[in-house]
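Engineer: Pasted the sequence and its predicted model underneath.
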Amino acid sequence: MFSNQGFKIAFVGMNTKAQFAFAEYLKRSLDFKRMDFEDPLIRFLRIVYQYKQTKRIDQKKVRDIYDAIYKIDNEFFINFLEKRIQESRSDIIVPNVRYLNELERLRQMDFKIVRVTSNATDKPRVGDYVRKADAGTVYLSMLYDKRFAQNYNVDYSIHFTSLPTRKGIMDALLQSLGYKFDNTP
């Protein structure tokens, strides 16, 4: 049973491991429904390459194909995700917003945008992350726009240090948003 308090949160940042760590906490500990932009692409790749559910798909390949589809139709993934969001009554977490237009559409759907920062040593190499990306990538904007949080109306910023600290960080954020941890009457 998913949490159902009307919360919608999207993470942006330059360290996907940190973003996914917070998303997994919300999913596993508080029963948020995790929705990823690339879900339809991963389903497609499983069919085409005949991957079993247990086989992990190379994230670099997923990112490259995602970017190629985005260049053809920059509304493709956000339209699919928006339909899924409209059909859901659960609290939702979107762990990794890749493009600025996707960020804007999530904001229009009343998502709280949370910037996740982490230690600089954990950042992926820029070339690996944006090698084939189109203009408007969140990662590039955060890298070169020192006023990213203000310019793109980021609601909150949190800093990931380690897995053991993520509970306290997320619980404090959710408490400030009015999340009820105990739903008993």
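Structural biologist: Good, I have the coordinates. Numbers count the residues shown, from 1 in each chain.
Engineer: From here on, just use CA atoms for contacts and neighbour counts.
Structural biologist: Will do.
Engineer: Which strands or helices does the host helix or strand of residue 77 pack on?
Structural biologist: In this assignment (DSSP states H and E), residue 77 forms part of helix 76-87. In terms of contacts (3 or more CA pairs under 8 Å, 6 or more residues apart in numbering; DSSP states H and E), helix 76-87 is packed against helix 59-72.
Engineer: please redo it, this time with the cut-off set to 7 Å
Structural biologist: Under the contact criterion of 3 or more CA pairs under 7 Å, 6 or more residues apart in numbering; DSSP states H and E, helix 76-87 touches no helix or strand at all.
Engineer: tell me the angle of it relative to helix 59-72?
Structural biologist: 100 degrees (axes from the mean of the first three to the mean of the last three CA atoms, to 10 degrees).
Engineer: contact partners of helix 76-87?
Structural biologist: 37, 70, 102 (CA atoms under 7 Å, 6 or more residues apart in numbering).
Engineer: ok, then the element right after the helix or strand of the chain with the lowest mean pLDDT?
Structural biologist: Lowest by mean pLDDT, DSSP states H and E among the helices and strands of the chain is helix 126-130, with a mean of 59. Following helix 126-130 in sequence order, the next helix or strand is helix 138-144 (DSSP H and E).
Engineer: Can I get that next one in PDB, CA atoms only?
Structural biologist: Extracted as PDB, the C-alpha positions of helix 138-144 are listed here (Å, rounded to 0.1, in the frame of the first residue of the first chain):
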ATOM      1  CA  VAL A 138      19.600  20.100 -15.700                       C
ATOM      2  CA  TYR A 139      23.200  18.900 -15.000                       C
ATOM      3  CA  LEU A 140      24.800  21.400 -17.300                       C
ATOM      4  CA  SER A 141      22.600  24.200 -16.000                       C
ATOM      5  CA  MET A 142      23.600  23.400 -12.400                       C
ATOM      6  CA  LEU A 143      27.200  23.100 -13.300                       C
ATOM      7  CA  TYR A 144      27.400  26.500 -15.100                       C
END
